[in-house]
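Visitor: Sequence and predicted structure below; questions after.
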Amino acid sequence: MPRDTEDTVGADAGGPLADLADLILNVGRLVRARTPEGPQVVTLTETERQVMRVVDLYPGAAPSEIARRTRLQRTNVSTALRSLEGKGMVSRAATNGRGIAVRPTERAAANLRVLRAAWAQELAAILGDDLDTVRKCTHLLSHLEQRLTADDQGGP
């Protein structure tokens, strides 16, 4: 539901785009609060979640690419990767030359399957079968994500 930002802040304060950003942040928080816990789910910190998302979407990415795509400092990515490796979620292997490729493990894939099933079940209970609207929303959010993670040269 849009907010009456003119009454509370003065000027428009970004209007519908600010409302969208606010809702995205809050809905993400609410979904995360309903994420299952227990032995079937590997608990991750917020930084680890951000890193895992990039590793899942770009298997074989170098730590520097992960840092760029997450907009995290390289040292924070390195710390998260060590922790994720310790949790059995990622593997790191040398590439030709001096590079490192980071890949999700089968444990990470199983963890993601559990999470996605729980998220789908949670949202299905709320949204029902309005999949056309869901696809439109997913398309918009995917476009936003791609643009927000693009590097300074405009690439994905």
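Guide: Everything's here; your move. Remember, predicted model here, so these are calculated numbers, not experimental data. Numbers count the residues shown, from 1 in each chain.
Visitor: just the helices in this structure please.
Guide: Counting by DSSP state H, the chain has helices at residues 5-9, 15-33, 46-57, 63-70, 74-86, 106-127, 131-149.
Visitor: just so I know, which of those lies nearest T95?
Guide: Across the helices of the chain, T95 has its closest neighbour in helix 63-70 (11.4 Å, CB to CB). Where you see a C-beta, it was placed from the backbone N, CA and C, and this is true even at glycine.
Visitor: May I see the buried residues of that closest one?
Guide: Neighbour-count burial for helix 63-70 flags P63, E65, I66, A67, R68, R69, T70 (criterion: 16 or more other CB atoms under 10 Å).
Visitor: Equivalent analysis for stretch 87-99, please.
Guide: Neighbour-count burial for stretch 87-99 [16+ other CB under 10 Å]: K87, M89, V90.
Visitor: Over to stretch 75-88?
Guide: Here stretch 75-88 shows V77, T79, A80, L81, S83, L84, K87 as buried, counting by 16+ other CB under 10 Å.
Visitor: Got the confidence number for the closest residue to the second one other than its chain neighbours?
Guide: So that's T79. Spatially, and ignoring its direct neighbours in sequence, T79 is nearest to T47 (7.7 Å; CB to CB, 6 or more residues apart in numbering). As predicted, T47 sits at a pLDDT of 97.
Visitor: Contacts only, for T47.
Guide: Going by CB atoms under 8 Å, 6 or more residues apart in numbering, T47 touches L72, N76, T79, A80.
Visitor: Tell me the one of the buried residues of helix 63-70 nearest A118?
Guide: Taking CB to CB as the measure, A118 lies nearest T70 of the buried residues of helix 63-70, at 23.3 Å.
Visitor: Mean confidence (pLDDT) on stretch 75-94, please.
Guide: 97.
Visitor: next one: stretch 139-149
Guide: In this model, stretch 139-149 has an average pLDDT of 89.
Visitor: Residues contacting that stretch, please?
Guide: Under the contact criterion CB under 8 Å, 6+ apart, stretch 139-149 has outside partners I24, R69, T70, R71, P156.
Visitor: Could you do stretch 69-78 as well?
Guide: The contact list for stretch 69-78 (CB under 8 Å, 6+ apart) reads 47, 50-51, 53-54, 58, 61, 63-64, 66-67, 80, 149.
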